[in-house]
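Participant: next one to model:
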Amino acid sequence: MKKTLVLLVCMVVVNTTITLGQNSIKDIAVDLNKTNTFFDFWLGTWKVTWDEGNDKIGIGTNEIIKILDGKVIRENFQVTGGGNSGFKGTSISVYQPNFNRWKQAWADNQGGYFDFVGEIDGDKRILKTQPATINGKNVISRMVFKNIKKDSFTWDWQRSYDDGKTWEQLWRIDYKRTWQ
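Facilitator: Modelled structure (predicted):
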């Protein structure tokens with residue numbers, strides 16, 4: 001009995017050390033067999049920064065929580081410093097089990113509105129618009145969540161004019177988790 005208990009304690013310590021020592025998306029409680037948790041890594045309060053060019057840095061916050069019995073993810077994004085100071089946006093994201101897909105609706109204080117469909121590409125989480133014709137061109141916009149770790153990730157805003165064959169990088173935000 002004593003040997004079994006010691007072995008069990010050693011297994012827990014080793015497992016905890018391995019789990020805490022990892023530094024990737026596998027750190028986060030995301031069950032890859034449960035599609036409805038694919039965006040749970042995003043939950044929390046984040047400091048966000050990005051390069052505005054000319055040695056200027058944009059700064060903001062993003063608070064992500066679950067609402068409506070834990071079935072919906074709500075985002076509150078705010079730019080607090082830099083050239084776009086005062087920009088605010090919010091989104092709701094939901095997993096639709098009947099369609100086996102994620103959906104997101106985004107709106108902001110500049111009149112912007114986007115409707116996204118989610119997809120997974122390896123360790124990347126992607127929310128993408130349906131093609132829309134703008135100035136005679138077929139345009140798709142997407143957000144790519146990548147380099148996902150427990151306390152940080154990279155978010156890219158991209159646009160394609162060739163039905164997703166190539167993507168133009170428009171905005172890159174670095175996320176760092178804040179603990180409150």
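Participant: chain neighbours aside, what residue packs nearest to residue 177?
Facilitator: Spatially, and ignoring its direct neighbours in sequence, residue 177 is nearest to residue 151 (4.2 Å; C-beta to C-beta, 6 or more residues apart in numbering). Quick note: C-beta positions are derived from backbone N, CA and C, even for glycine.
Participant: give me the number of residues near that neighbour?
Facilitator: A count of neighbours around residue 151, defined by other C-beta atoms under 10 Å, yields 14.
Participant: again with residue 74
Facilitator: As a burial measure, residue 74 scores 14 neighbours (other C-beta under 10 Å).
Participant: host element of it?
Facilitator: strand 72-81 (DSSP states H and E).
Participant: do a quick rundown of the helices in this protein.
Facilitator: Here the chain has its helices, by DSSP state H, at 2-21.
Participant: where are the low-confidence patches of it?
Facilitator: The chain contains residues with pLDDT under 70 at 1-34, 180.
Participant: try 80 this time
Facilitator: Residue ranges of the chain with pLDDT under 80: 1-36, 179-180.
Participant: same question for the strand holding residue 74: list its buried residues.
Facilitator: Neighbour-count burial for strand 72-81 flags 73, 75, 77, 78, 79 (criterion: 16 or more other C-beta atoms under 10 Å).
Participant: chain center to that strand: distance?
Facilitator: Centre-to-centre, strand 72-81 and its host chain are 12 Å apart (C-alpha atoms, centre = their mean, to the nearest Å).
Participant: stretch 101-108 now?
Facilitator: The answer for stretch 101-108 is 12 Å, by C-alpha atoms, centre = their mean.
Participant: all strands of this protein, in order?
Facilitator: Along the chain, the stretches classed as strands by DSSP state E are 44-53, 56-67, 72-81, 88-96, 101-108, 113-121, 124-129, 132-134, 137-146, 152-160, 168-178.
Participant: by contact count, what packs against the fourth one?
Facilitator: Applying 3 or more C-beta pairs under 8 Å, 6 or more residues apart in numbering; DSSP states H and E, we find strand 88-96 packed against strand 72-81, strand 101-108.
Participant: just the CA coordinates of the shortest one, formatted as PDB?
Facilitator: Right, strand 101-108. The C-alpha trace of strand 101-108 is given here as PDB (Å, rounded to 0.1, in the frame of the first residue of the first chain):
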ATOM      1  CA  ARG A 101     -19.000  25.100 -36.700                       C
ATOM      2  CA  TRP A 102     -18.100  28.200 -34.800                       C
ATOM      3  CA  LYS A 103     -19.700  31.600 -35.600                       C
ATOM      4  CA  GLN A 104     -18.700  35.100 -34.500                       C
ATOM      5  CA  ALA A 105     -20.400  38.500 -35.000                       C
ATOM      6  CA  TRP A 106     -18.300  41.600 -34.500                       C
ATOM      7  CA  ALA A 107     -19.400  45.200 -34.200                       C
ATOM      8  CA  ASP A 108     -17.400  48.300 -33.300                       C
END
